[in-house]
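1. sequence first, predicted model second:
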Amino acid sequence: MAAAVNQVHGFKPLAFPPRCHPHLDCKMLELSQSKFNFSCIHRSSSTPCLSHNSSNAEDDFSTSPRIEIIVGHALPQVNSLVVEVAMAMSTGVELERAPSGLGGAYFLHARNGGTIAVAKPVDEEPLAINNPKGFGGRMLGQPGMKSSIRIGETGARESAAYLLDHGGFSGVPPTALVKLSHFNFDLLKSGSDSGSNPSYKIASLQRFVNHDSDAGDLGPSSFSVTCVHHIGILDVRLMNLDRHAGNLLVRQENESYGLGKAELVPIDHGFCLPECLDNPYYEWQHWPQASLPFSEAEADYISRLDPFKDAELLRTHIPSIRESSIRVLILCTIFLKQAAAYGLCLVDIGEMMTRELLGGKEHCSSLENLCVAAKASLNMGLIDEDHHIAEADEVLIPRVFKNRHKAGGLMRSLSSPAPYNSNSQSISFADMGNEEWHSFLEAFQQLLPEAFEEKTSMGLAKHRLRTSCAF
């Protein structure tokens with residue numbers, strides 16, 4: 001079970017509920033489905049699967065294949081996707097289970113054979129109780145493959161990634177959280193008679209993107225610098241814990257992949273927005289494109305990001321996402337904005353967010369160390385009346401950092417990461433009151449310029465490729 005940093009650091013434990021659920025009840029999502037209105041859609045015998053709210057809604061789901069939007073009803077492209085899926089379901093098309101991946105995923109096809117969408121039931125996630133590939137057994141609400149993300153909650157995060165991809169900047173395909181029933185769920189689960197009633201599941205539903213391969217099949221020189229930067233910006237904002245080559249789809253514009261011409265489409269965002277600071281994985285961190293500076297348009301987009309508006313967007317549209325995850329979004333967006341304004345590139349930012357392996361042991365990231373220092377400054381009363389951090393040296397660093405580089409000061413200590421203990425050091429902001437949270441953010445932001453200056457001075461030799469790489 002994930003826990004927070006030792007109490008001397010000031011962060012309280014990341015608590016998981018003592019009681020978990022074997023099945024996901026859509027009431028647990030605390031969403032008002034009545035907000036979704038299908039009145040603008042012509043309903044006929046050819047589109048019987050669109051679910052209207054009614055007193056016998058549960059009976060409707062138990063007697064025929066149906067689909068209902070839980071998250072995403074305010075988004076036009078989501079509505080269009082669900083209508084297409086509903087029309088396909090009305091023709092009796094079957095679900096096709098995807099052979100790859102650790103969780104249950106199903107392709108939904110149109111009558112002409114084209115693939116419309118991919119559905120991922122939340123109770124079939126890796127480690128979930130109904131996982132069809134032998135990787136199950138845990139109840140919903142327990143820690144999942146990533147201890148900072150609970151089983152059954154990746155679907156909401158998939159929807160959040162699309163919601164937060166303003167203007168399609170990073171290219172996340174339309175994604176919703178839906179209540180979906182289909183005969184195939186029963187057939188695939190237990191081999192029951194096709195005449196039995198369909199079961200319903202809560203699932204993420206994402207528009208299928210036609211593609212030629214994934215990023216693992218090509219060298220990074222084929223990828224557009226713009227695509228890499230746009231996806232990286234999203235990953236940093238959401239602290240994506242699992243951006244690997246397999247969830248970057250590649251589409252070619254021409255018959256062959258020219259240098260820097262292939263388009264990347266990001267999918268699979270269930271491991272975003274952790275409940276506490278975790279160790280993100282960014283595949284693009286190893287690509288030369290990430291060492292190039294942000295373009296003027298990219299810098300402008302980053303400068304216009306408003307973490308507090310994004311937080312309200314999640315609270316309004318996806319209230320099932322916990323406040324602790326929303327605070328991680330706020331923190332990471334602030335970090336991105338100030339880092340980009342200071343002139344750091346994606347590689348710099350990614351390195352500061354990820355943990356180091358030194359001597360075979362995982363060490364805290366620079367971002368985690370900064371959070372510990374900011375929290376310590378609050379606990380030790382080092383914030384003056386003007387909300388500035390008073391002059392401080394090693395006294396500001398918690399005990400776990402005190403035995404290193406005493407001659408340097410704050411950032412000298414932070415640049416030498418402390419060993420990370422997964423059983424005691426997860427940094428969660430869940431139990432901070434609003435006043436403490438905002439004071440913490442002020443302290444955190446005051447530490448950033450010195451941290452960025454040190455990162456810049458340490459990385460000059462390492463990033464000489466910035467001026468020599470061409471794509």
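-> Looks like it arrived, so ask away.
2. quick check: next helix or strand after the helix or strand of the chain with the lowest mean pLDDT?
-> Every helix and strand in the chain was compared by mean pLDDT, DSSP states H and E; the lowest is helix 410-414, with a mean of 49. Per DSSP states H and E, the first helix or strand lying C-terminal to helix 410-414 is helix 434-459.
3. what helices and strands are in contact with that following helix?
-> Counting contacts by 3 or more C-beta pairs under 8 Å, 6 or more residues apart in numbering; DSSP states H and E, helix 434-459 is packed against helix 323-342, helix 346-353, helix 366-379, helix 410-414. C-beta here means a position set from N, CA and C on the backbone, and glycine is covered the same way.
4. buried ones in the third one, by neighbour count?
-> Think helix 366-379. By neighbour count on 16 or more other C-beta atoms under 10 Å, the buried set for helix 366-379 is 366-378.
5. as TSV, the helices and strands packed on helix 434-459 with distance to His438 would be great.
-> Output for the helices and strands packed on helix 434-459, formatted as TSV (distance: least, C-beta to C-beta, whole Å):
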stretch	distance to His438
helix 323-342	10
helix 346-353	22
helix 366-379	11
helix 410-414	22
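6. can you give me the helices for the chain?
-> Using DSSP state H, the helices of the chain run over 57-63, 76-90, 154-164, 183-190, 225-238, 296-304, 307-317, 323-342, 346-353, 366-379, 410-414, 434-459.
7. lowest-confidence stretch among those helices?
-> Among the helices of the chain, helix 410-414 carries the lowest mean pLDDT, a mean of 49.
8. residues near the residue lying closest to Val71 once chain neighbours are set aside, how many?
-> Residue nearest to Val71 in three dimensions, not counting chain neighbours: Leu177, with 3.8 Å by C-beta to C-beta, 6 or more residues apart in numbering. Applying other C-beta atoms under 10 Å, we find 26 residues neighbouring Leu177.
9. domains of the protein?
-> 16-208, 228-467 (automatic domain parsing).
10. okay, those domains in a markdown table with distance to Ser221 next?
-> Converted to a markdown table, the domains of the chain look like this (distance: least, C-beta to C-beta, whole Å):
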| stretch | distance to Ser221 |
| --- | --- |
| domain 16-208 | 20 |
| domain 228-467 | 6 |
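11. nearest to Ala215 among these would be which one?
-> Among the domains of the chain, domain 228-467 comes nearest to Ala215, with 3.9 Å by C-beta to C-beta.
12. the nearest residue to Arg150 once chain neighbours are set aside and Asp123: what is the separation?
-> Nearest-residue entry for Arg150: Gly141, 5.3 Å, with adjacent residues in sequence omitted and distances by C-beta to C-beta, 6+ apart. Computed with C-beta to C-beta, to the nearest Å, the distance linking Gly141 and Asp123 is 11 Å.
13. neighbour-wise, which of those two wins?
-> Counted by other C-beta under 10 Å, Gly141 and Asp123 do not tie: Asp123 has more neighbours, with 23 against 19.
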